[in-house]
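*Asks:* please find the sequence and the predicted model below.
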Amino acid sequence: MTSRAWHTRPVPGRTLTALRIDAGDVVLRKARDSDRDAIIAHASDPEVRAHLGGAQSRRDVARDLDEVGVSAVTGSPGAYLIADTASDAFVGTMSLTRRGVHHPGHVSPDGEELELAYTLSPRAWGRGWAFQAATAVLRAAAAELPDEPVIIVTHSANDRSLNLARRLGFEPATTFDEHGVQQTLAVVNLREFARA
Ligand SMILES: CC(C)(COP(=O)(O)OP(=O)(O)OC[C@H]1O[C@@H](n2cnc3c(N)ncnc32)[C@H](O)[C@@H]1OP(=O)(O)O)[C@@H](O)C(=O)NCCC(=O)NCCS
């Protein structure tokens, strides 16, 4: 995921069309104006951003967000906020979108693979919520799309992210450098999430 996800241009190609996915303790949904302050706090949180290019100042994040509007954060198909099912409050972000060929790191010759990305607020870490959200997203995708590889690209030093990828069944396939940092690309086939 880039430093300002809502500024990325969606890569054409099929992904999930659902606007809401229930995932047990959490729900994947689109962003609303009432999420504004939580989104700003999240994008400027140094712990969340440690492996995502570092935190931006709250002022810059707020200015950028207000420029595009809160709904733009999840404007692309396959882009969601993660919310606490009990309170509907923002706890993070998750997306299943296409990785553009201009980025390094691919498993298909034509690129544009489905790429899973996630961020969770540190107060929600260690509860299995990212796992629940990712499992629900991948199951919904497997029900809607033909089988194809899904990738996760994450800093090789991002243990929590790599652990989550491993628990989901992703296997490390390659490493490469992006922005001077070693990245690990892990892959799984979407069919692994198809319900029998
Ligand atoms: C990557 C990230 C989402 C992982 O969050 P997480 O909470 O560790 O991930 P999970 O949802 O898989 O939860 C796993 C933890 O919950 C625990 N857990 C509790 N109940 C659980 C359950 N029912 N199911 C699974 N795990 C459960 C696990 O034991 C594990 O605990 P541990 O951290 O002590 O090992 C989070 O660290 C993050 O947002 N990091 C910053 C953003 C980032 O770098 N994103 C990656 C870019 S792609």
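*Replies:* Nice, thanks for sending it over. Numbering: from 1, shown residues only.
*Asks:* which SSE is the residue most central in space within the chain in?
*Replies:* Residue closest to the average C-alpha location in the chain (Cα atoms, centre = their mean): A117, at 2.4 Å. Element membership of A117 [criterion: DSSP states H and E] is strand 114-120.
*Asks:* quick one: strands adjacent to that strand?
*Replies:* Within its sheet, strand 114-120 is paired with strand 90-98 (antiparallel), strand 149-155 (parallel), according to DSSP bridges.
*Asks:* flag every residue of this structure that's near the ligand.
*Replies:* 1, 48, 51-52, 117-120, 125-131, 154, 158, 160-161, 164, 167 (Cβ under 6 Å from any ligand atom). Every C-beta, even on glycine, is put in place using the N, C-alpha and C of the backbone.
*Asks:* try it again with 8 Å
*Replies:* 1, 47-52, 92, 116-122, 124-134, 152-155, 158, 160-161, 163-164, 167 (Cβ under 8 Å from any ligand atom).
*Asks:* how near is the residue of the chain at minimum distance from the ligand to L185?
*Replies:* At 2.5 Å from the ligand, G128 is the closest residue in the chain, using Cβ to the nearest ligand atom. Applying Cβ to Cβ, to the nearest Å, the value for G128 to L185 is 24 Å.
*Asks:* the more surrounded of the two?
*Replies:* Shown here are G128 and L185; by other Cβ atoms under 10 Å, L185 has more neighbours (23 against 15).
*Asks:* centre of the chain to the helix or strand where the more buried one lies, how far?
*Replies:* Assessed by DSSP H and E, L185 sits inside strand 181-189. For strand 181-189, the separation from the chain centroid amounts to 14 Å (computed by Cα atoms, centre = their mean, to the nearest Å).
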